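[1] My questions concern the predicted model and sequence given below.
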Amino acid sequence: MTPMLILFFKFDPAIAVGTDILHGAIFKSFGAARHRRLGTVRLRLGLWMLVGSAPMSLVGVWTVGYLTHRYGDGVDSVQGKILAIMLIVGGLAFLAKAIMHPVGPQKELGHLVNRDRIVAICIGAVGGFIVGLTSVGSGTLFGLAMLIAFPLSAKIIVGTDIFHAAALLWVAGLGHLVAGNVDVGAIGWLLVGSIPGVLIGSQISVGIPDRMLRFALAAALTLSGIKLLAVPYANQIVVASIIGGLSALAAWGVVRFFRKRGLAGPLESGPPGRRDLLPEREQPKS
């Protein structure tokens, strides 16, 4: 969202970050509730990450204000480059993890050991600072870190990340609102599309194969960073990648549709009138 606000709507990076964070707090709350009902949230893991991320996000918000006050408008371009680099690094790391890490059975994290709690707090502290500073992390770094540290499926990573992000972004978003880094009118228009979008997306993510979902997350991050850095032929790269991704998704949907039809056909076909095949004692009375 932050790259789109900067690239397409010409927001200053600081305002784009604050607006994205507070907007994310609202619409991700709807997504968190939906994922919770779908059973794709590990509540305790998300809460332990919040212990580290909530205070450090406020430190990140303060850092934005400090840099802007000290260096003026010049900090905007630096902040934009930091944002782009974080997106690319996160996307490439996600891609490497998707290729190297086999998809296995998900681990139940109902009872966290001390090691899990410490790792979760550290993930939250580092990611929370970056979220407050650049808005990146609420849907990137936390998911990447959880994917590396815990053997969870991608849909569980997505659900837990959204649940944690919803709580974290309320803290950071209110901080940006107090600091004057939020365009409230833009948030209203963004919510018109994002609330139904996140509800639909949460439902779809449950049915998408785990590895495909990981590649999609990696591609979204990397392409956003490439566009924001304005590398040569960035527009062509983004457009070609989007067309390729949508084509792959459409092909997967068609294959899945016909595969289901093929499995359902023999079950649904058969001689009509199964009543005569019931044992005599099970025949319904006339």
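    Arrived safely.
[2] only C-alpha atoms for contact and neighbour calcs from this point on.
    Will do.
[3] can you list the domains in this structure?
    2-231, 233-264 (automatic domain parsing).
[4] Pick the most deeply packed of these.
    Of all the domains of the chain, domain 2-231 has the most neighbours on average by mean count of other CA atoms under 10 Å, namely a mean of 20.
[5] mean confidence for it?
    In this model, domain 2-231 has a mean pLDDT of 80.
[6] Distance from the chain centre to it, please.
    Centroid separation between domain 2-231 and its chain, computed with CA atoms, centre = their mean, to the nearest Å, is 6 Å.
[7] Downstream of the helix or strand hosting residue 23, the next helix or strand is which one?
    Using DSSP states H and E, residue 23 falls within helix 13-38. Of the helices and strands lying after helix 13-38 in sequence (DSSP H and E), the nearest is helix 43-71.
[8] longest helix of the protein?
    helix 234-268 (DSSP state H).
[9] tell me the average confidence for it?
    73.
[10] Return the distance of that helix from the chain's centre.
    With CA atoms, centre = their mean, you get 21 Å for helix 234-268.
[11] Report all helices and strands that that helix contacts.
    Judged by 3 or more CA pairs under 8 Å, 6 or more residues apart in numbering; DSSP states H and E, helix 234-268 is in contact with helix 210-229.
[12] Can you check what angle separates the helix it packs on from helix 234-268?
    160 degrees (axes from the mean of the first three to the mean of the last three CA atoms, to 10 degrees).
[13] got the contact list for helix 210-229?
    Residues from elsewhere that reach helix 210-229, judged by CA atoms under 8 Å, 6 or more residues apart in numbering: 3, 7, 80-81, 83-95, 98, 103, 140, 153-155, 205, 234-235, 237-238, 245.
[14] same check, this time on stretch 196-207
    For stretch 196-207, the surrounding residues in contact (CA under 8 Å, 6+ apart) are 27, 28, 30, 31, 34, 35, 155, 159, 213.
[15] ok, and the closest non-adjacent residue to the second one?
    In this case it means residue 28. Excluding the flanking residues, the one nearest residue 28 by CA to CA, 6 or more residues apart in numbering is residue 166, at 5.1 Å.
[16] is it true that that neighbour touches residue 24?
    Yes: between residue 166 and residue 24 there is a contact under CA atoms under 8 Å: 7.0 Å.
[17] Just list the residues touching residue 128, thanks.
    So residue 128 contacts 52, 53, 54, 55, 56, 57, 60, 137, 168 (CA under 8 Å, 6+ apart).
[18] I'd like to know how far the fourth one sits from residue 169.
    Note on residue 55: its distance to residue 169, by CA to CA, to the nearest Å, is 11 Å.
[19] what do you get for the second one?
    Plainly put, residue 53 is 10 Å away from residue 169 if you go by CA to CA.
[20] cool, the fifth one as well?
    According to CA to CA, residue 56 stands 12 Å off from residue 169.
[21] picking up where we left off before, what's the closest of the contacts of stretch 196-207 to residue 45?
    Taking CA to CA as the measure, residue 45 lies nearest residue 159 of the contacts of stretch 196-207, at 11.3 Å.
[22] list the contacts for that closest one?
    So, once contact is read as CA under 8 Å, 6+ apart, residue 159 ends up touching 32, 35, 36, 40, 41, 42, 202.
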